[in-house]
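> sequence first, then the predicted structure:
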2 protein chains.
Amino acid sequence: MELNSETRSFGGRQQVWTHQSKETGTEMTFSLYLPPAAEDGPVPVVLYLSGLTCTHANVTDKGGFQRVCAELGLAFLAPDTSPRGLDLPGEHDSYDFGSGAGFYVDATQEPWAKHYRMESYVTGELLKVAGEAAPCLDLEDIAITGHSMGGHGALTLGLKRPDLFKAISAFAPISSPIHCPWGQKALGGYLGDDLTAWRRYDACALIEDGARCEAGILVDQGLSDQFLSEQLKPELLEEACRKAGQPLTLHRQDGYDHSYFFIATFMEDHLRWLGERL
Amino acid sequence: MELNSETRSFGGRQQVWTHQSKETGTEMTFSLYLPPAAEDGPVPVVLYLSGLTCTHANVTDKGGFQRVCAELGLAFLAPDTSPRGLDLPGEHDSYDFGSGAGFYVDATQEPWAKHYRMESYVTGELLKVAGEAAPCLDLEDIAITGHSMGGHGALTLGLKRPDLFKAISAFAPISSPIHCPWGQKALGGYLGDDLTAWRRYDACALIEDGARCEAGILVDQGLSDQFLSEQLKPELLEEACRKAGQPLTLHRQDGYDHSYFFIATFMEDHLRWLGERL
């Protein structure tokens, strides 16, 4: 495990770590912000999962979370979106599958199954390694959030692992990968054509099948988002939550698109909401 | 003039514009943030000059100014650091001279003199074009700030043009290019060996020679900045201001480096300070 960089930010420490991952069999990089309160004792953790094409760096540079995390005493952990440094057949051919597009699943299909184990990585090894890097992290007190593909990751991993994650939020998430082109391509490629397997990586299906987040779910969605109607479909999540009695707060934001300007605008709301539940 | 993009951010509009510049003879790109208050009438402008290797995009993505500008009703204008699309001999050979390193001077030496006219561009054409792009800008009410090379630009252009700029601040500025390697290389290359010409692009020399900013100058400088002692030398600015009676508030910030994490941390302080003087 190697500390690549540590930069002072809003009185805390913005770190970037690299380690050799057992789950992915590759080197993995994550960023970790430690608020000033981390100097004095354990701090809760917000785990942020990024969207298609991103690495740990996008939200670290553009998300604007450091100010609010410093104020609230929250650590902010941002992993990469896929294994790196491989050269599997077709891995780099498209922006929405393979490198940069791990979809936070454990792949079962070849040639992906050995390395594309992002669910196990994020919910297991990453948290363990981050805790070793920063013993001040309170790993009993974690919330999960994310953007787009990472919003899908936050919803699905959060719903599947209420033992790990106390609260869930998402920015413009893929609400139901079963019902959109991005999701169909990814789940088909990583999991094959077994629709039972797909349902374990679909927030709406998980809720239909009984998964719950007691603290509720917060979602913000821009109404000028170019991916809204074809890929994101918040109405499906709304309907699944309504039918199941799963508390959901869905803010539709007029004029906002899919960019980090949207994320940065509503980051403070999400961190305060998650922080109240930690 | 072309609007490349417009993105909702903190209730306002983050725009990027491209236009054909008469000063540089090239296409130039700038970003412009319009706060929500711009919908209702004229708004003051903060002009931000970026550092070596940057374009308009760095501060736009990483500076975190939008939230505070939205709150205070300030527009934020960020030009590029040099002409683009040329291929002058040696222009792309080093990070600290030529492309990305215009130093906000009007070059007198060949092959730079025809295109590298960043002082005239920033203080003239840019403001005019931005005002045409956004008639809500109050061009009688402008403050200037910047980072590193752009801090040098803010100090020198602000001191030379009190008719244009009501207040000056800088993040980790090159305090005296005459007295550091970056500055000597740039001023020598763009202006030749006439030291009288150099003094018109050196904040300390300008203050020695009588230039003043009545509203005072605010500077923040990280003490873990890797360029502090060799290139930035805030003590020279401090000494020049002390001797001349020029009001200066210089904050030395423990642990901060030269990065955008430093800028973002203190952006709010600078915008509030500048805003109070507009």
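Sure thing, it's come through.

> before we move on, what SS does residue A:37 have?
helix (DSSP: H, G, I helix; E, B strand; the rest coil).

> spell out the residue ranges of the strands in the stretch 1-150 of chain A.
With DSSP state E, counting those that start in this stretch, the ranges of strands along the stretch 1-150 of chain A come out as A:2-9, A:12-20, A:27-34, A:43-49, A:75-79, A:137-146.

> need these in TSV with distance to chain B, mean neighbour count and mean pLDDT, can you?
Every residue, glycine included, has its C-beta placed from N, CA and C. Written out in TSV, the entries for these read as follows (distance: least, Cβ to the nearest Cβ, whole Å; neighbours: other Cβ atoms under 10 Å in any protein chain shown; pLDDT from 0 to 100):
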stretch	distance to chain B	mean neighbour count	mean pLDDT
strand A:2-9	4	16	98
strand A:12-20	6	19	98
strand A:27-34	10	22	98
strand A:43-49	17	27	98
strand A:75-79	13	27	98
strand A:137-146	19	22	98
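
> same list, those strands, but as a markdown table with distance to residue B:69 please.
Below are the strands of the stretch 1-150 of chain A laid out as a markdown table (distance: least, Cβ to Cβ, whole Å):
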| stretch | distance to residue B:69 |
| --- | --- |
| strand A:2-9 | 20 |
| strand A:12-20 | 23 |
| strand A:27-34 | 23 |
| strand A:43-49 | 25 |
| strand A:75-79 | 24 |
| strand A:137-146 | 25 |
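
> residue A:57: which of those is closest?
Closest of these to residue A:57 is strand A:27-34, at 7.1 Å (criterion: Cβ to Cβ).

> can you give the contact residues for that closest one?
A:4, A:9, A:12-21, A:43, A:55-57, A:59-60, A:65-66, A:69, A:75-80, A:83-85, A:121, A:126, A:129-130, A:133-134, A:136 (Cβ atoms under 8 Å, 6 or more residues apart in numbering or on different chains).

> next: stretch A:85-101.
The contact list for stretch A:85-101 (Cβ under 8 Å, 6+ apart) reads A:26-27, A:52-55, A:81-84, A:111-112, A:115, A:149, A:182, A:185-186, A:189.

> apply 7 Å and report the result again.
With Cβ atoms under 7 Å, 6 or more residues apart in numbering or on different chains as the contact definition, stretch A:85-101 has outside contacts at A:26-27, A:52-54, A:81-82, A:84, A:111-112, A:115, A:149, A:182, A:185-186, A:189.

> distance between the ends of that stretch?
Stretch A:85-101 has an end-to-end distance of 14 Å (Cα to Cα, to the nearest Å).

> and the contacts of stretch A:85-101, which is closest to chain B?
residue A:54 (13.2 Å; Cβ to the nearest Cβ).

> distance-wise, check residue A:121 relative to chain B.
Computed with Cβ to the nearest Cβ, to the nearest Å, the distance linking residue A:121 and chain B is 26 Å.

> again with residue A:267
Taking Cβ to the nearest Cβ, one finds residue A:267 at 10 Å from chain B.

> quick one on the thing from earlier: which ones among the contacts of stretch A:85-101 lie within helices?
Judged by DSSP state H, helices contain the following of these: A:149, A:182, A:185, A:186, A:189.

> what is the nearest of the residues you listed to residue A:204?
residue A:182 (14.7 Å).

> how confident was the prediction at that closest one?
Looking at residue A:182, its pLDDT reads 98.

> for the residue located most distally from the centre of chain A, what are phi and psi?
Distance from the centre of chain A peaks at residue A:40, with 27.5 Å (Cα atoms, centre = their mean). Phi and psi for residue A:40, reported as degrees, to the nearest 10, are phi -110, psi -10.

> could you measure from it over to residue A:9?
The gap separating residue A:40 from residue A:9 is 18 Å, by Cβ to Cβ, to the nearest Å.

> now residue A:76
Distance from residue A:76 to residue A:9, by Cβ to Cβ: 10 Å.

> name the element residue A:257 belongs to?
Under the criterion DSSP states H and E, no helix or strand holds residue A:257.

> tally of neighbours for it?
Using other Cβ atoms under 10 Å in any protein chain shown, residue A:257 has 21 neighbouring residues.

> residue contacts, it?
Per Cβ under 7 Å, 6+ apart, neighbours of residue A:257: A:222, A:224, A:225, A:226, B:7, B:8.

> go again using 6 Å as the cut-off
For residue A:257, the contacting residues are A:222, A:224, A:225, B:7, by Cβ atoms under 6 Å, 6 or more residues apart in numbering or on different chains.

> got a PyMOL select line for the buried ones in those residues?
To isolate the buried ones among the contacts of residue A:257 in PyMOL, judged by 16 or more other Cβ atoms under 10 Å in any protein chain shown, type:
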select buried, (chain A and resi 222+225) or (chain B and resi 7)
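
> which one among the contacts of residue A:257 gets closest to residue A:269?
residue A:222 (13.4 Å).

> right, I'll call it a day here.
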